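Novice: predicted model and sequence follow; I will ask about them next.
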Amino acid sequence: MTAFRQDSYSHVLIGDFVDAAERLKSSDSPLNRRALVRATFSGIEGLLWSLKQHVFAHAHDFAKLTIHEQAALLEETYSVDLNGQVKPQPRFLPTAASIRLTVRAAQKVSNSYKLDFTHRGWQRLQNAIDVRHRIVHPKDLAALTVTDMEIADCIGGFHWFIALCIELREEIRMEIANRLESVQRQFQGEVGNE
């Protein structure tokens, strides 16, 4: 098995996926197929949470998110108790909707960022989501079978999502660097005019 740092959230999540893929490759069994699906979505959902927090932090500072967008990124809804106290409540978002929300919020930080949701990787991820739901909530024995194509969708969807995480983080980093450079030029211009 591949060694990954155990002190890094993202390394553990990606490492679990890689280990599950290696186990499946060395011993193809129904159990290892289901384990790969589970590791795929443990990784995607964990990394998506981290990506949403990253986007939220920068969108909060550099873009105008509505209060509803902020609550959705935080996966919260609110209620008011009889004493008038506002209480946050967790609000689960479906994976595909959560990814689209995160991309839309990132686009508010970097207006030039575009994502092709017709890309084959996005379709593979959506197919894999259906497989995940089926094996996590099985209705019969057949629901626990994972085909070769479904394994390919899980792997392709995971790779697409990892690429998205890298791309979005880099896009935000570059946008912040550009804004800082613009402020520095403006400041230097004001200082030079004195």
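Specialist: Structure's in. What do you need?
Novice: just checking, what packs against the helix or strand harbouring Glu181?
Specialist: Assigned by DSSP states H and E, Glu181 belongs to helix 148-192. Under the contact criterion of 3 or more C-beta pairs under 8 Å, 6 or more residues apart in numbering; DSSP states H and E, helix 148-192 touches helix 9-26, helix 30-62, helix 95-109, helix 120-136. Where you see a C-beta, it was placed from the backbone N, CA and C, and this is true even at glycine.
Novice: adding distance to Asn178 and mean neighbour count, write those out as JSON lines.
Specialist: Output for those, formatted as JSON lines (distance: least, C-beta to C-beta, whole Å; neighbours: other C-beta atoms under 10 Å):
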{"stretch": "helix 9-26", "distance to Asn178": "25", "mean neighbour count": "17"}
{"stretch": "helix 30-62", "distance to Asn178": "11", "mean neighbour count": "19"}
{"stretch": "helix 95-109", "distance to Asn178": "11", "mean neighbour count": "19"}
{"stretch": "helix 120-136", "distance to Asn178": "27", "mean neighbour count": "18"}
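Novice: need those in a markdown table (columns: mean pLDDT and distance to Thr77).
Specialist: A markdown table is the format used below for the helices and strands packed on helix 148-192 (pLDDT from 0 to 100; distance: least, C-beta to C-beta, whole Å):
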| stretch | mean pLDDT | distance to Thr77 |
| --- | --- | --- |
| helix 9-26 | 95 | 25 |
| helix 30-62 | 94 | 16 |
| helix 95-109 | 94 | 14 |
| helix 120-136 | 98 | 22 |
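Novice: nearest residue to the middle of the protein?
Specialist: Leu48 (2.3 Å; C-alpha atoms, centre = their mean).
Novice: quick one: residues contacting that one.
Specialist: Residues in contact with Leu48 (C-beta atoms under 8 Å, 6 or more residues apart in numbering) are Thr95, Ser98, Ile99, Thr102, Phe161.
Novice: the second one reaches Lys52, doesn't it?
Specialist: Yes. The pair formed by Ser98 and Lys52 meets the contact definition of C-beta atoms under 8 Å, at 7.0 Å.
Novice: many thanks, I have nothing further to ask.
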